[in-house]
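# Predicted structure and sequence below. I'll ask about it afterward.
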Amino acid sequence: MQRGGISNFYYYSDTQGNHNTEKGFVAGGNTTYNADTIPAMKIIVSWPFANEAFSAHGNLDKIRLNLGDVGSSSSSHGYVPGGGTASDLAPPSPYTYAFTEIAKFSFVNDGNSTDVGDLTNARAKMTSASSSTNGYTMGGRPQYPPFTIFRNDIDRFPFATDTNAVDYGDLVPSPPSDPSNAAITAGRHGMAGSSSATHGYAIGGYTELSGSTVIDQIQKFQFTSSGSATDVGNLALAGALQSGAQG
């Protein structure tokens, strides 16, 4: 299937979205669910909100999949933190590694991303938020496999300078369903992310790999001062691997 000259656009999954006031962007992902046999993607696709004419915008610095639903966006650039990949070559499995690099690409000019810093920990399946001055990356899992370690931290990186992220706070703790299993680390992945002018939100997600650990929690943290998130409400139904949006 094609739209605006982009083959198989509708088949992409595990991608990440960014936006400014005029355009939407989607980056990375894989072309089918079975990414062990179908190569993952580097492509950045853009479309204007006025007419939804999809076009190739550039490429990421490397193949990235298992990205969060939304990336951090400044007024001029999109940021793609972390993700999972094996290499730019054929798998064994693109799920083998997670990494730390933060990729940045221009909203104004078509072109490839550049590596501008690192997260505090390698992670994939996280989510993000944005203030007017900083990007935030929340939760995720550091490697696939193993299946038992999930991130609980919130990283922050500035838009004004290209530099590494710092540990900003923590998500609400998520005790494992089996407390006797010491290998399971309290955390979450597969969340949706949203931003207001003053707060970032992490919505739903998995606390473990099992589908029975999907949660309905909505939590938020402040942009103005570092600190941990708080539980502020619940979804109508528990959900994971969903997307978030804001007005």
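Cool, got the structure.
# C-alpha only now, for contacts and for neighbours.
Fine.
# low-scoring stretches of this protein, by residue?
1-14, 30-40, 85-97, 143-148, 175-186, 208-212, 238-247 (pLDDT under 70).
# Just say helix, strand or coil for the residue positioned nearest the centre of it.
Centroid-nearest residue in the chain, with C-alpha atoms, centre = their mean: residue 68, separated by 2.3 Å. Following DSSP: H, G, I helix; E, B strand; the rest coil, the label given to residue 68 is coil.
# thinking it is in contact with residue 136, fair?
No - contact between residue 68 and residue 136 fails when scored by C-alpha atoms under 8 Å: they sit 11.8 Å apart.
# Overlap in contacts, the two.
residue 128 (C-alpha atoms under 8 Å, 6 or more residues apart in numbering).
# got the contact list for the residue nearest to the centre of the chain?
Here residue 68 is in contact with 14-16, 83, 124-128, 190-192 (C-alpha under 8 Å, 6+ apart).
# Among those, which pair sits farthest apart?
83 and 192 (15.3 Å; C-alpha to C-alpha).
# now residue 64: how far from residue 100?
From residue 64 over to residue 100 the distance is 11 Å, taken as C-alpha to C-alpha, to the nearest Å.
# Neighbour count for these two, which is higher?
residue 64 (32 against 20; other C-alpha atoms under 10 Å).
# measure that one to residue 154 for me?
Taken as C-alpha to C-alpha, the span from residue 64 to residue 154 is 20 Å.
# Residue 223 too?
Remark: distance between residue 223 and residue 154 (C-alpha to C-alpha) = 11 Å.
# The two: which is more packed in?
The residue with more neighbours, out of residue 223 and residue 154, is residue 154; 28 against 23, by other C-alpha under 10 Å.
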